[in-house]
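Novice: whatever this is, show me its structure:
(2 chains)
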Protein chains: 2
Amino acid sequence: MGKGISVITAKRAGFCFGVKRAVDMAFAAAEANRNVYTLGPIIHNPQVIGRLKEKGVRPITSINNRSIKTLLIRTHGIPRDISEQLASKRYAVIDTTCPFVKKAQQYAKLLRERGYQVVIIGDAGHPEVQGLMSYAGADALVLSRDMVMQGSAAWPALKPKVGVVVQTTQPVAVLKTFVHDAVDLVKELKVFNTICNSTALRLKETQDMAKKVDVMIVVGGRNSANTTQLAAFCRSMSVPTHHIETADEIRSAWFEGVTSVGITAGASTPDWIIAGAGQRVREIAKSRRGGEHEHATERRNQRT
Amino acid sequence: MGKGISVITAKRAGFCFGVKRAVDMAFAAAEANRNVYTLGPIIHNPQVIGRLKEKGVRPITSINNRSIKTLLIRTHGIPRDISEQLASKRYAVIDTTCPFVKKAQQYAKLLRERGYQVVIIGDAGHPEVQGLMSYAGADALVLSRDMVMQGSAAWPALKPKVGVVVQTTQPVAVLKTFVHDAVDLVKELKVFNTICNSTALRLKETQDMAKKVDVMIVVGGRNSANTTQLAAFCRSMSVPTHHIETADEIRSAWFEGVTSVGITAGASTPDWIIAGAGQRVREIAKSRRGGEHEHATERRNQRT
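Specialist: Numbers count the residues shown, from 1 in each chain, chains lettered A, B, ... in the order given. The predicted structure is shown next:
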């Protein structure tokens, strides 16, 4: 063979500011306290959740669990009523809600108070959006990416004063399409562009990378919306794309005839997993350079 | 020949609410007062201005003219400083500013007071926009249709909080393009969609008409921005289009081989001019049905 594979890893792959902050807070809480819980997974990465469990930090679903001594609020934030109930609890509460998500919640509340119909652009099933909804009032509307892209005919009627907040990890193209289509349906449109800059930059870098390489590896939790979105964007650019959680999912067969591989990762993917994925691809590349024999062996192994 | 020409006139051609109100106020002022002036042309239609002159209502450029007993403020509004100077004048001031323009001025003022950088979408040379600018603060930006359509690279840098008002007669497509391109350049975008509904509906009706007919006649002042815009839209749809001020500009040669003619008019075009244009086209059509001889005669006359 003798043909090398170049492996490039996105500079912006992995932990964003909000995730890093939350994970640091969680490990610090594990050091300092006992019976530490998180209300739902603190971030959408099973491997990080696994490491936290080893330190005694466990996700639970109820705030009424009697063993709680310290409760961590996840990066995605929580609905208003839960927040209010927590105020009367005797246990310690550590809020790791991403400051950008917190800001989006405050904007939703402000818009509601000022008489706007709040439109949330995002995934109604995502905990961040559920948090935003709790601040947005009874006439609020959640529009998913698909609904926005279908055009305004697919939306419920908008009121004359509309205020917009966006799930922080949405692609900006969705917001652009929404404001374009909505602005002549209303008298007043107030948009808080709450899309996190790191999301936009990561997506941009990933798209640029996907144009240049033969294969994309997208690393991160399968439950991570922003990781899944990165993979979807790569696929939409017709580059073969594999969404993996950990390096051991990487298959040698993915690199047949391939000379360049791009690696990117979502905001909740830790560095050690990204590094592991890069390492694994380089090993496969090396074994391939080693000759036809090793290559064939590896392929055989892989099929078993 | 024997071939008829069908002539259709747009339902929404002619005076909008604001123009009708202003012209009625001007004629009423002419009845009730002497030495009535308008600060600039009260509307952008030379024929209406001509009729008002016959009644003694004349446009002037200075508010300090000593012969003024009554001054009419034009539909397009006036800048703030002129408005303040008028407060100390001894003569009567009648404000015919279109209520929708007035509202746009108030929105510009409000946005400025609330700390937004005001972006005015419109033609910087138009008196309505000059009025808006006077309320919009020192860091305000006027973006013309052409500038918006060139894309954000052609614009000066936007501040993080941007508030938008629009010249009431702009096409909504310009606003849509602006919000689409601007929303990811800012943190907050507040848009007052001040485009007058009658402008949007008139443009829509004209576009629908232009798809169906062989020739479009657009009637209105050459200095009327919204009339010029109607003509430009028809031309962009590749239908032969003639912008005329009065019926006597209509040429028989425009209707060679034509079976359908659409007539539309700007917001400042009076009914009697629109009716005159329709009459003239129907006469041409009739003379053509009258036979080859008449038809030829007419064509000969026209060349002289």
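Novice: name every strand pairing with the helix or strand hosting residue A:93 and say which way it goes.
Specialist: Take DSSP states H and E as the rule and residue A:93 turns out to sit in strand A:92-95. Strand A:92-95 has the following sheet partners, assigned by DSSP bridges: strand A:70-73 (parallel).
Novice: so what's the model's average confidence on the partner strand?
Specialist: Confidence over strand A:70-73, taken as the mean pLDDT, stands at 97.
Novice: for the closest residue in space to residue A:40 that isn't next to it in sequence, grab the count of nearby residues.
Specialist: Nearest non-adjacent residue to residue A:40, counting by CB to CB, 6 or more residues apart in numbering or on different chains: residue A:74, 5.3 Å away. The C-beta positions use only the backbone N, C-alpha and C, and glycine is treated the same way. Here the count is done by other CB atoms under 10 Å in any protein chain shown, and residue A:74 has 24 residues near it.
Novice: run the chain-centre distance for the strand holding residue A:93.
Specialist: In this view, strand A:92-95 has its centroid 23 Å away from the chain centroid, taken as CA atoms, centre = their mean, to the nearest Å.
Novice: packing partners for the lengthiest helix in chain A?
Specialist: Taking DSSP state H as the criterion, chain A has its longest helix at helix A:271-289. With contacts defined as 3 or more CB pairs under 8 Å, 6 or more residues apart in numbering or on different chains; DSSP states H and E, the secondary structure elements packing on helix A:271-289 are strand A:6-9, strand A:215-219, strand A:260-265, helix A:292-303.
Novice: ok, back up a step: and the residue nearest to residue A:40, backbone torsions?
Specialist: With angles defined as degrees, to the nearest 10, residue A:74 sits at phi -70, psi 160.
Novice: chain A against chain B: which residues are in contact?
Specialist: Contact residues (CB under 8 Å from any CB of the partner chain) of chain A with chain B: A:172, A:175-177, A:179-181, A:183-184, A:186-193, A:195, A:200.
Novice: part of a helix, is residue A:239?
Specialist: No - according to DSSP: H, G, I helix; E, B strand; the rest coil, residue A:239 belongs to no helix; its state is coil.
Novice: tell me, what residue is most central in chain A?
Specialist: By CA atoms, centre = their mean, the mean C-alpha position of chain A lies nearest to residue A:226, the distance being 3.2 Å.
Novice: which helix or which strand is home to the residue in the stretch 201-304 of chain A that chain B sits nearest to?
Specialist: When CB to the nearest CB is the measure, the stretch 201-304 of chain A has its nearest residue to chain B at residue A:204, with 10.8 Å between them. In the assignment (DSSP H and E), residue A:204 maps to helix A:197-212.
Novice: how far off strand A:215-219 does that helix point, in degrees?
Specialist: With axes from the mean of the first three to the mean of the last three CA atoms, to 10 degrees as the basis, helix A:197-212 and strand A:215-219 are set at 160 degrees to each other.
Novice: tell me what helix A:197-212 is packed against?
Specialist: Counting contacts by 3+ CB pairs under 8 Å, 6+ apart, helix A:197-212 is packed against strand A:215-219, helix A:225-236, strand A:260-265.
Novice: which one of the ones you listed is the most hemmed in?
Specialist: strand A:215-219 (a mean of 27; mean count of other CB atoms under 10 Å in any protein chain shown).
Novice: what residues of stretch A:119-134 count as buried?
Specialist: Using 16 or more other CB atoms under 10 Å in any protein chain shown as the burial criterion, the residues of stretch A:119-134 that qualify are A:119-123, A:126-134.
Novice: do the same with stretch A:108-120
Specialist: With burial defined by 16+ other CB under 10 Å, the residues of stretch A:108-120 counted as buried are A:108, A:109, A:110, A:111, A:112, A:116, A:117, A:118, A:119, A:120.
Novice: pick the one among the residues you listed closest to residue B:68.
Specialist: Sorting these by how near they are to residue B:68, with CB to CB, puts residue A:116 at the top with 45.0 Å.
Novice: does the closest one touch residue A:160 like I think?
Specialist: No - with contacts defined as CB atoms under 8 Å, residue A:116 does not count as touching residue A:160, sitting 9.7 Å away.
Novice: quick check: angle from the helix or strand just after the strand holding residue A:93 to helix A:197-212?
Specialist: Reading on from strand A:92-95 to the C-terminus, the next helix or strand found by DSSP H and E is helix A:99-113. Comparing the axes of helix A:99-113 and helix A:197-212 via the same axes, to 10 degrees yields an angle of 120 degrees.
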